[in-house]
Structures are given as structure tokens and as C-alpha cells.
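Peer 1: Fold the following, please.
(one chain, ligands or ions: 1)
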Amino acid sequence: MRILLVEDNRELADWLTRLLRKSRYVVDCVHDGIDADAALATQSYDLVILDIGLPNMTGLELLRRFRQRRGLTPVIILTANDAVSSRVAGLDAGADDYLVKPFEPDELEARIRAQLRRRQDSRTVRVAFGPLVMATDARQFTLDDIPLDLTAREYSVLEALLLAGGRVVSKAALTGTVFGLDDDATDNALEIYVHRVRKKLSGSSVSIGTLRGLGYALRLAA
Ligand code: CA
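Peer 2: Model (predicted):
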């Protein structure tokens, strides 16, 4: 899952980025309205966390522009202002939810999970491929009932392959899902993460097949 975080307070932005990465989200972080507008116009995200007070373009203006371009990604706004009028303005501009600063990390994470759940099928909490099971709520994989220890990128690789349900995922699509804006997203880099995930699946009946020139797909041994 890829999140765009837009926050001009560097300290808060760094703290949130670390927090979200620890929860295995792939995070792009930008610090002003213009950069955020460019990121939203060129990249695809599963969720946006948007501060309202931003240099160069306010969060509300940014959100209005995004919705006018038919951007459907869920947006959670962060506001320093608890006034009803400010929350209403955010929701009117197209926000799906809001949090008033200061907030607890647990609350932000719960709101994120709620938005992501709404976007997927709300009843799909467990997705399985043979002995490989992903619990979307806990953001945890198990293999033969044993939790898999995965980094954020490894989790993204396996999540994209699992959600494809055995169909081929192209290298380009996988690269877009796994890497953020700051990263050196090369085919080689992707192969490294696929290799690591393969090692973690080894010894089970699930493996990652390579379809030369096409991409990767999960395979189940008979
Ligand atoms: Ca701000």
C-alpha cells in the first residue's frame, strides 16, 4: 500500500514517515502544495494524508484540484484547527476523514485502516493463496500458520502478487507499488526484493514464478 504524506512541518513529517514505514506502508513524503500537486498528478496512491496549512498551495486548494481531476484516492486531512467550520471546509473540499492535531499515532493508523478497508471489500479481511494468508487488518502474512517476518518492501511485493491471485503482475506495475518517489526504482532493485521474498517462501508449496519479459506470479505446487 502506497501513501502520500503532505506535511510541511519537517519534524512531524519525519515522525509520521517513520511510523507509517514501520507499519509496512510505502510512504512518499512532500513538504509543499506544488510538490504534492505534481505527485498526485503523476503517481498513484492508495491513500493521501494531507496537512491543510501548506506553503505555495493550501491543502484545501490541492484537494479541490485533485477531486476536479477525478482523483478518487481517499484523503485524510490533518488540521490544527478544531473549529467546526474548518472541518466542514475540508470535508466539502473532498476529504474522506480528518484528524485534529495533536493526535495519537494509534488513532491515525486506525483511520488509515478504515479508509483502506472501505476502498477494498470491507469483508475481505483475510486473503489466502494455498498456505499463504494475508490478514489485511493486522497487515501480517502467515505461511503454514507461522507469521512471516517481512520488511515494508517485501510486504508490498507479496501483497501485490497475492491480490493478483496467481495472475501475472508486470515488473512495471510491481515497481510502482513497491517503490516510492525517493527510491531508485530499477528492475535490478525489484529483483532483489523478489529474491528476498522467494527465500522467505522457500520450503513451502508457494513460490514466485518468473515469466520472462512479462513479470511475476504466485505459484502453488501440487
Ligand atoms: Ca502546516
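
Peer 1: From here on, just use CA atoms for contacts and neighbour counts.
Peer 2: Noted.

Peer 1: thought Tyr45 was touching Leu4?
Peer 2: Yes - using Cα atoms under 8 Å, Tyr45 is in contact with Leu4, at 6.5 Å.

Peer 1: Please identify which of the two sits among more neighbours.
Peer 2: Neighbour count, other Cα atoms under 10 Å: between Tyr45 and Leu4, Leu4 has more, with 25 against 21.

Peer 1: And for the closest residue to the ion within the chain, nearest residue in space, chain neighbours not counted?
Peer 2: Residue nearest to the ion within the chain: Gly53 (4.0 Å; Cα to the ion). Computed as Cα to Cα, 6 or more residues apart in numbering, the closest residue to Gly53 that is not its neighbour in sequence is Gly59, at 6.3 Å.

Peer 1: how far away is the one you found from Val27?
Peer 2: 18 Å (Cα to Cα, to the nearest Å).

Peer 1: again, but for Leu116
Peer 2: Taking Cα to Cα, one finds Leu116 at 15 Å from Val27.

Peer 1: Comparing the two, which shows the higher neighbour count?
Peer 2: More crowded of Leu116 and Val27, by other Cα under 10 Å: Val27, with 26 against 19.

Peer 1: and the more buried one, what does it touch?
Peer 2: Arg2, Ile3, Leu4, Leu5, Thr17, Leu20, Arg21, Gly180 (Cα atoms under 8 Å, 6 or more residues apart in numbering).

Peer 1: Count residues in the vicinity of the last one, would you?
Peer 2: As a burial measure, the neighbour count of Gly180 was computed by other Cα under 10 Å and equals 20.

Peer 1: I figured it hits Val26, correct?
Peer 2: Yes - counting by Cα under 8 Å, Val26 is a contact partner of Gly180 at 6.4 Å.

Peer 1: which residues are in contact with both of these two?
Peer 2: Contacts common to Gly180 and Val26, judged by Cα under 8 Å, 6+ apart, are Arg2.

Peer 1: and the nearest residue to Phe179 once chain neighbours are set aside, which of the three is it?
Peer 2: For Phe179, the nearest residue in space outside its immediate sequence neighbours is Ala185; the separation is 6.0 Å by Cα to Cα, 6+ apart. Classification of Ala185 using DSSP: H, G, I helix; E, B strand; the rest coil returns coil.
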